[in-house]
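Chemist: All I have is the shape, not the residue letters:
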């Protein structure tokens, strides 16, 4: 049962860490003490981080879709008729 719930826990933890990273990044980018260029640089770094996280999400979804397509193409395994 624990092994079945492990992927769910990993996804929930990933979403939680992603939201925490967004909040921390926004707070870090806003704390510039009046320096315009430092603020611009920090917001650019936050944007690069968001782009990287978005690409990671895209690649993960594409990979899972490929696995599901492969699984569906082979058909769901069935028990042999002589065993039923």
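Modeler: Okay, I see it. Quick caveat, the model's predicted, so the values are computed rather than measured.

Chemist: CA only for contacts and neighbour counts going forward, please
Modeler: Will do.

Chemist: For the helix or strand hosting residue 16, what is the distance to the chain centroid?
Modeler: Element membership for residue 16 (DSSP states H and E) is helix 2-30. Relative to the centre of its chain, helix 2-30 is centred 8 Å away, using C-alpha atoms, centre = their mean, to the nearest Å.

Chemist: next SSE after that helix?
Modeler: helix 36-74.

Chemist: What helices and strands are in contact with that following helix?
Modeler: helix 2-30 (3 or more C-alpha pairs under 8 Å, 6 or more residues apart in numbering; DSSP states H and E).

Chemist: Quick check: mean pLDDT of the helix holding residue 16?
Modeler: When pLDDT is averaged along helix 2-30, the result is 83.

Chemist: tilt between it and helix 36-74?
Modeler: With axes from the mean of the first three to the mean of the last three C-alpha atoms, to 10 degrees applied, the angle from helix 2-30 to helix 36-74 works out at 160 degrees.

Chemist: Check which helices and strands helix 2-30 sits against.
Modeler: Counting by 3+ C-alpha pairs under 8 Å, 6+ apart, helix 2-30 packs on helix 36-74.
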